[in-house]
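# 3D, please:
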Amino acid sequence: MNTFTLRRIPLSVERSLRRIARESHQSLNKTALDLLSKATGVEPEEKPSHKRRDIASALPKWTDDEYREFQRNTKIFDSIDKEMWR
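Predicted coordinates for the structure are as follows:
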């Protein structure tokens, strides 16, 4: 698989992409790939099936409300205390 970089993404496109990713509980990369596949009429490639090595599949899924609450409660971790890093 190839990798490339997109530059000068309009802020409105970035916000929309991030919103779609958040609402679908997918990574930004997965969301972008899905939308590019859809826009170009190409079916997304199937990942090789393999056994998961984590316990995520055994854990209950969060509801949208729980996810939003978690995001609200952890938003403080997105900021950087500049005084601390001087």
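# how near is Pro29 to Thr74?
Pro isn't right for residue 29; it's Asn. According to C-beta to C-beta, to the nearest Å, Asn29 stands 21 Å off from Thr74. Glycine gets a C-beta too; all of them are placed from N, C-alpha and C.
# and the pLDDT at the spatially most central residue of the chain?
Of all residues in the chain, the one closest to the mean position by C-alpha atoms, centre = their mean is Ser27, 2.2 Å from it. Looking at Ser27, its pLDDT is 92.
# same thing with Lys51?
62.
# what does stretch 56-66 contact?
Phe70 (C-beta atoms under 8 Å, 6 or more residues apart in numbering).
# hang on, the earlier thing: excluding chain neighbours, give the residue nearest to the residue nearest to the centre of the chain in space.
Ala21 (6.5 Å; C-beta to C-beta, 6 or more residues apart in numbering).
# report how many residues lie close to that neighbour.
Using other C-beta atoms under 10 Å, Ala21 has 18 other residues around it.
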